[in-house]
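K.L.:
The following comprises the amino acid sequence and a computationally predicted model.
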Amino acid sequence: MSDPYASLISDARAFFAALSKNNKRDWWLENKDTYDTKLKAPALALLDDICPPLADLTGEAITPKLFRPHRDVRFSKDKTPYNTHLHMMWSVAGGGRQDPVFFFGIAPEYVTVGAGMMGFDKPVLEDWRKFVDLDGPRVAGIIDSVAAQGFTAREPALKRVPLAYAADHPQGDLLKHKGFVLSGELQRSGSLTDDLSRAFTQLWPLNDLLISIASA
């Protein structure tokens, strides 16, 4: 069976490479039909197609989202009106105070998959630190096992360990995070749906851990 999304990555990279050279409303309007037919329509279909395997994997309800192409420039020095990437996200309704997500992004310079919580809500941040402090080896072991499959954590938000914990805490690097995400380049070996499903299966232990923390 042919892959209905075989050209999505190449189409998106070509479109956004061109947009990045002429990020203006006139260019966008002249090329909006291309965005709608070659990028938006297949991206929405892909979002829906990935929901069932993610629901089977997690045992939870999945909510998909396609990020809008228009940038919010109100508080940015960069006033270019359009994003030069295609980003998709699937939220996992874990029943806690905050839901983790899986995400997939395409841009001229990357094709990325990842999972986690971009920023912890305050109660979840407090419980993250408690889990890391009291059950650090288990938390670190889960994260390390996922990272070993080709995923990297984002840089922590803090330069120092929070004052409530010893500066030489054995899990000090994890305590510096105010959100936690692992991501990496999508490894291609088959159809896009199969490749994403494989990557999200590898990433699932991280989101499973975050669900348990958010539900504590």
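P.N.:
Nice, I can see it. Residues are numbered from 1 along each chain as shown.
K.L.:
got the contact list for residue 90?
P.N.:
By C-beta atoms under 8 Å, 6 or more residues apart in numbering, the residues touching residue 90 are 47, 50-51, 54, 62-65, 101-103, 200. Where C-beta positions appear, they are placed from N, C-alpha and C, glycine not excepted.
K.L.:
Turn the residues you listed into JSON lines, including neighbour count, secondary structure and pLDDT.
P.N.:
Formatted as JSON lines, those follow (neighbours: other C-beta atoms under 10 Å; DSSP: H, G, I helix; E, B strand; the rest coil; pLDDT from 0 to 100):
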{"residue": "47", "neighbour count": "18", "secondary structure": "helix", "pLDDT": "98"}
{"residue": "50", "neighbour count": "21", "secondary structure": "helix", "pLDDT": "98"}
{"residue": "51", "neighbour count": "15", "secondary structure": "helix", "pLDDT": "98"}
{"residue": "54", "neighbour count": "22", "secondary structure": "helix", "pLDDT": "98"}
{"residue": "62", "neighbour count": "22", "secondary structure": "strand", "pLDDT": "98"}
{"residue": "63", "neighbour count": "14", "secondary structure": "strand", "pLDDT": "98"}
{"residue": "64", "neighbour count": "18", "secondary structure": "strand", "pLDDT": "98"}
{"residue": "65", "neighbour count": "13", "secondary structure": "strand", "pLDDT": "98"}
{"residue": "101", "neighbour count": "20", "secondary structure": "strand", "pLDDT": "98"}
{"residue": "102", "neighbour count": "26", "secondary structure": "strand", "pLDDT": "98"}
{"residue": "103", "neighbour count": "21", "secondary structure": "strand", "pLDDT": "98"}
{"residue": "200", "neighbour count": "22", "secondary structure": "helix", "pLDDT": "98"}
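K.L.:
Quick test: name the residue nearest the centre of this protein.
P.N.:
Nearest to the geometric centre of the chain sits residue 103, at 3.2 Å (C-alpha atoms, centre = their mean).
K.L.:
Just say helix, strand or coil for the closest residue to that one other than its chain neighbours.
P.N.:
Nearest residue to residue 103 in three dimensions, chain neighbours excluded: residue 89, at 4.6 Å (C-beta to C-beta, 6 or more residues apart in numbering). With DSSP: H, G, I helix; E, B strand; the rest coil as the basis, residue 89 sits in strand.
K.L.:
you'd agree residue 89 is up against residue 102?
P.N.:
Yes. Contact status for residue 89 versus residue 102: in contact at 7.1 Å, counting by C-beta atoms under 8 Å.
K.L.:
CA atoms only for the helix or strand hosting residue 137, dumped as PDB, please.
P.N.:
Using DSSP states H and E, residue 137 sits within helix 136-147. Output in PDB follows, covering the C-alpha atoms of helix 136-147 (Å, rounded to 0.1, in the frame of the first residue of the first chain):
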ATOM      1  CA  GLY A 136      15.500  10.100  41.500                       C
ATOM      2  CA  PRO A 137      17.100   6.900  40.300                       C
ATOM      3  CA  ARG A 138      13.800   5.600  38.800                       C
ATOM      4  CA  VAL A 139      13.000   8.900  37.100                       C
ATOM      5  CA  ALA A 140      16.500   9.200  35.700                       C
ATOM      6  CA  GLY A 141      16.400   5.600  34.600                       C
ATOM      7  CA  ILE A 142      13.200   6.100  32.600                       C
ATOM      8  CA  ILE A 143      14.500   9.200  31.000                       C
ATOM      9  CA  ASP A 144      17.900   7.700  30.200                       C
ATOM     10  CA  SER A 145      16.300   4.600  28.600                       C
ATOM     11  CA  VAL A 146      14.200   6.800  26.300                       C
ATOM     12  CA  ALA A 147      17.100   9.200  25.500                       C
END
